[in-house]
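[1] quick one, fold the following:
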Amino acid sequence: MSTQDLALTRLEPWLRQHVPDFEGPLVAEKFAGGQSNPTFKLTTGDRHYVLRRKPPGELLASAHAVDREYRVLDALRSTDVPVPEAVALCEDDDIIGSMFYVMEHLEGRIFWDPAVPEVDAPERTAIYDEMNRVLAALHSVDVNEVGLADYGKPGNYYARQIGRWTKQYRASETENVPDMEALIEWLPAHIPEGEETVALVHGDYRLDNMIFHPTEPRIIGILDWELSTLGDPLADLAYQLMAWQFPREGGIAGLEGLDRAELGLPSDEAYIAAYCERTGRQGIDNWPFYMAFCFFRIAAILQGIKKRAQIGTASSAEADSRAIMVGPLAALGAACIP
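    Residues are numbered from 1 along each chain as shown. Modelled structure (predicted):
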């Protein structure tokens, strides 16, 4: 079975048993995009759901943890962080060939281009401020209160993350990338000193992982929690700003070369200041480290996609276009090294 197909004859009986008020017949359609966990829209009568599954086949250890996605969605349902409702989790690989979960389908807008050409400048300003507000809300969640105190190992976040992504990069390495070697050497030796703030971090916080209200600049659902864990919230903030440095052309569109002020988009400095005000921070030291770390991590992730594209398990036809970004992103990361 490919990632494009679902075994509906086995899936539908499972849904009838585990999804409240489910009625057939069932129709499934794969969403375009998505490099990691294949995602499908399920339709039955006038009801819609979303199914996310692990890709079948050989996978890197610890990757594609859809059970963790389900857990965090379920935990956040009673917080100020907008998420789709988690409906049901299936850990039985025999149903469709791999673990999956079902969640609420939200009707709204997804903006794929960070320049948001679909709206005018005032709404762009409001959209970016809403992203900032929700990020601060996420990092303010009491993980003990929502049952996520054991969702990750507290402390030593960057040491663990650098080790994890170095290991996964080595496991999927296809050629020598000198800038990745420079980052692998520099990052562990320059982790900022002092006590890390421990918070729930999303791990892939960017515009196209959010669903906005159909007519309002308001987020109604944060998606793609596969990389979420307990860690330093500054990693989420730096990751979002890192993506804005990407060129306009390529596998991942950024904001490089655009007049942000004219478009109603915030500068890096203004966005950081708003986040600090919302979270009670006086400022952020060692910012180049956080940016270099994020460039390194996304390059390692894309290297995994490149490897899976070579062996035929990448879940999207866009995999090749993103895989060629490994070298350029590693170069941007290396450029952050003082």
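[2] just for the protein, where's the confidence low?
    When residues are selected by pLDDT under 70, those of the chain lie in 1-5, 33-35, 56-64, 195, 250-251, 312-322.
[3] show me the contacts for the residue most central in space within it.
    Central residue of the chain (Cα atoms, centre = their mean): Asp204, 2.6 Å from the mean position. With contact taken as Cβ atoms under 8 Å, 6 or more residues apart in numbering, Asp204 is in contact with 224, 226-227, 239. Backbone N, C-alpha and C define where each C-beta goes, glycine included.
[4] and with 7 Å instead?
    224, 227 (Cβ atoms under 7 Å, 6 or more residues apart in numbering).
[5] with Thr39 instead?
    Counted by Cβ under 7 Å, 6+ apart, Thr39 has contacts 31, 50, 52.
[6] among those, name the buried ones.
    Buried positions within those, assessed by neighbour count (16 or more other Cβ atoms under 10 Å), are 50, 52.
[7] narrow the contacts of Thr39 to those in helices?
    Per DSSP state H, helices hold no members of these.
[8] hey, where'd the strands end up in the stretch 1-150 of the chain?
    Taking DSSP state E, counting those that start in this stretch, the strands of the stretch 1-150 of the chain run over residues 27-30, 39-44, 47-53, 86-90, 100-104.
[9] want to throw those into CSV with distance to Val119?
    Converted to CSV, the strands of the stretch 1-150 of the chain look like this (distance: least, Cβ to Cβ, whole Å):
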stretch, distance to Val119
strand 27-30, 27
strand 39-44, 25
strand 47-53, 25
strand 86-90, 30
strand 100-104, 25
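[10] could you check how far Glu216 is from Arg109?
    Glu216 is 10 Å from Arg109, where distance means Cβ to Cβ, to the nearest Å.
[11] of these two, who's got more company?
    Arg109 (17 against 14; other Cβ atoms under 10 Å).
[12] which ones are touching the closest residue to that one other than its chain neighbours?
    Spatial nearest neighbour of Arg109, chain neighbours left out: Phe212 (4.5 Å); criterion: Cβ to Cβ, 6 or more residues apart in numbering. Counting by Cβ under 7 Å, 6+ apart, Phe212 touches 108-109, 127, 218-220.
[13] at 10 Å instead, please
    Phe212 makes contacts with 82, 106, 108-111, 116, 119, 123, 127, 130-131, 218-221, as judged by Cβ atoms under 10 Å, 6 or more residues apart in numbering.
[14] go on, Val102?
    Contacts of Val102 by Cβ under 10 Å, 6+ apart are 11, 14-15, 18-19, 22, 40, 42, 49-53, 70, 85-90.
[15] at 6 Å instead, please
    49, 51, 87-88 (Cβ atoms under 6 Å, 6 or more residues apart in numbering).
[16] same question for Met210.
    219, 222.
[17] measure it to Asp80 for me?
    15 Å.
[18] for Ala300, same thing?
    32 Å.
[19] which one of the two has more residues nearby?
    Using other Cβ under 10 Å, the more surrounded residue of Ala300 and Asp80 is Ala300, with 27 against 12.
[20] the stretch 101-250 of the chain: helices as residue ranges?
    121-139, 157-172, 178-189, 233-244 (DSSP state H, counting those that start in this stretch).
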